[in-house]
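[1] give me a model of this one.
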Amino acid sequence: MDVFAIGRVGAASLAGVILLAFAKGVMSQFLSQSMNQQMRMEQRLTPQLIQSMAILQKPVADLEAYINDAMESNAALELEEPSAEEATGRPTHEPAARRSAEDDDGRGFARLDRFARDANVDWSDLSPFQARRADYGADRDAKLGALANTAGREVSLQEHLLSQWALFDLDDPIREAGEVIINALDLDGYLRVPLGELAAKHRPPFDSKTMEGALRAVQRLEPAGIGARDLIECLRLQLNALPGDNQIERKLVEQHLDDVVHNRLPAISRATGYSIGEINEAIRAMRTSLHLHPGYLVVDRAVPPIRPDVIIDYADTGGGLTVQLARGNLPKLRVNEEVQAMAKTRKNGRDTREFARKHVESATALIDAVAFRKQRLLDVARAIAEKQQDFFDIGPEGLKVFRMSSLAVELGCDPSTVSRTVADKYVQTPRGIFPLRYFFTGGTENEEGESMGWDRVKTRVRELIEHEDRTTPLNDDEIAARLKDEGMEISRRTVAKYRQQLSIPNARQRRVYQT
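    Residues are numbered from 1 along each chain as shown. Here you go, the predicted structure:
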């Protein structure tokens, strides 16, 4: 190797060393640690804030259950006992006098004996029933009266059917399979579980012949239509139970039910040869004698009870509206003084103080959250009473445009807070009970610049349809045109949406055919 080659190798090695050193310097620059300070704003949800938002969103029934659970798990939380006057509605001196007579170590019985001697009352003259009433007092009668006035338990659909099933003369396999079918019925009386699936669940499984025979027997129970697997079978069973000739009704149910639903009477007339008058008469008979859900003839459809959270009513003095919270929204909570003292005193051990401190903090946070909920509910309800005054005076057509975002600006909070406040909550008004969310609505403006809520537009749509000529009903385009003439600029699609919300069929289904 010559000198020049050695020089070239040395130069390459030197370049590699330089590049390696440079790379190490760059890496050390990026991997170096340093301390610096910077300011930034970020939003964090504390456990107390999460609890406050959860309580704000709860309706009154859920709030009561939540507070009851909290009182069971938190030793520092307790209900503030109402005063005697608040509890009984009577002056406080009456219960106080009664307590002094009852709690004086038997002196109350001495006063009773003196009263009996002065009034010449002989306790032995009382009948045993009267004596028991005298012994137990008015509280006993109140309890008996409450029990006597309590509504009895409603008979279920299965109980109603099984009481009839017990009177049928059936073979044991059919009877047992029929009980399985009855217990599988939905509340409306339909059997929506396949027979094969019911048979397979039984041990030993039923055969298909037994299940079919049991179903035919179940379908003989009252009310007619019970045990049907679809709408056509349900209506057919009811027609079988009706007296007289139901030939037209049967043909409509079995072959032209879809045409009946969509009011295509001319098509039915052409296909069957019956006149429009005969078809109309048959449809009227079907509407009066047939039921789409026969099970509801026995058991009412379950509707959850509604408890209002807020009460808005006219003032007794006639000076506008008053706003108050319903009773369940007003629990008077407080922190137990003994637990609070345990958290402060040094006599207790560290674990005891820590336990008491955590419970006191949790109780305080809950009390603050409930107080915030009360105030926010009142703020929203008062705003509704002020903004929607016309609703209370003239009805739904008086609703004005009122958006949650606008109220949030007035209250200085986020719109989500207003949304949580009104969620699943109801207000009792002179016009009935309504969801709080009902009063927040968008709208439009008429030619005079007056804002109109969408409920006012809906009311006008209903009025136009109610006064239309049923032989030539108004379609959605015609309704939109008439509203435009009245200064309400809305599209045909909006009219169709409101008509569907009002459960009003379209023009073709509303049409009445002349006979």
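
[2] any low-confidence regions in the stretch 151-300 of the chain?
    Where the stretch 151-300 of the chain drops to pLDDT under 70, the residues are 151-153.

[3] surely residue 348 is in contact with residue 338?
    No. If you go by C-beta atoms under 8 Å, residue 348 and residue 338 don't touch, sitting 11.4 Å apart. The way it works is simple: take the backbone N, C-alpha and C, and place the C-beta from them, glycine included.

[4] more crowded one of those two?
    Neighbour count, other C-beta atoms under 10 Å: between residue 348 and residue 338, residue 348 has more, with 15 against 10.

[5] who are the neighbours in contact with that one?
    342, 356 (C-beta atoms under 8 Å, 6 or more residues apart in numbering).

[6] hey, C-alpha coordinates of stretch 279-290 in CSV?
    Below are the C-alpha coordinates for stretch 279-290, written out as CSV (Å, rounded to 0.1, in the frame of the first residue of the first chain):
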residue,chain,number,x,y,z
ILE,A,279,-116.2,-1.0,2.9
ASN,A,280,-116.6,2.1,5.1
GLU,A,281,-119.3,0.3,7.2
ALA,A,282,-117.0,-2.7,7.7
ILE,A,283,-114.1,-0.5,8.7
ARG,A,284,-116.3,1.3,11.2
ALA,A,285,-117.4,-2.0,12.7
MET,A,286,-113.8,-3.2,12.9
ARG,A,287,-112.7,0.0,14.7
THR,A,288,-115.5,-0.4,17.4
SER,A,289,-115.2,-4.1,18.0
LEU,A,290,-111.6,-5.1,17.4
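
[7] all helices of the stretch 351-500 of the chain, in order?
    389-394, 404-411, 415-422, 454-466, 476-485, 492-501 (DSSP state H, counting those that start in this stretch).

[8] next, residue 54: phi, psi?
    Reported as degrees, to the nearest 10, the phi and psi values for residue 54 are phi -70, psi -40.

[9] what do residue 348 and residue 338 both touch?
    With C-beta under 8 Å, 6+ apart, residue 348 and residue 338 have no common neighbours.

[10] want to throw the helices of the stretch 351-500 of the chain into JSON lines with mean neighbour count and mean pLDDT?
    Below are those laid out as JSON lines (neighbours: other C-beta atoms under 10 Å; pLDDT from 0 to 100):
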{"stretch": "helix 389-394", "mean neighbour count": "16", "mean pLDDT": "86"}
{"stretch": "helix 404-411", "mean neighbour count": "15", "mean pLDDT": "89"}
{"stretch": "helix 415-422", "mean neighbour count": "19", "mean pLDDT": "89"}
{"stretch": "helix 454-466", "mean neighbour count": "18", "mean pLDDT": "83"}
{"stretch": "helix 476-485", "mean neighbour count": "16", "mean pLDDT": "88"}
{"stretch": "helix 492-501", "mean neighbour count": "16", "mean pLDDT": "87"}
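
[11] out of these, nearest to residue 331?
    helix 415-422 (17.8 Å; C-beta to C-beta).

[12] what's the closest of the helices of the stretch 351-500 of the chain to residue 182?
    Comparing the helices of the stretch 351-500 of the chain by C-beta to C-beta, helix 492-501 comes nearest, at 37.0 Å.

[13] which residues does the helix or strand just after that closest one contact?
    With elements assigned by DSSP states H and E, the helix or strand that comes after helix 492-501 is helix 507-510. Residues outside helix 507-510 that contact it (C-beta under 8 Å, 6+ apart): 261, 262, 263, 264, 465, 468, 470, 473, 474, 475, 476, 504.
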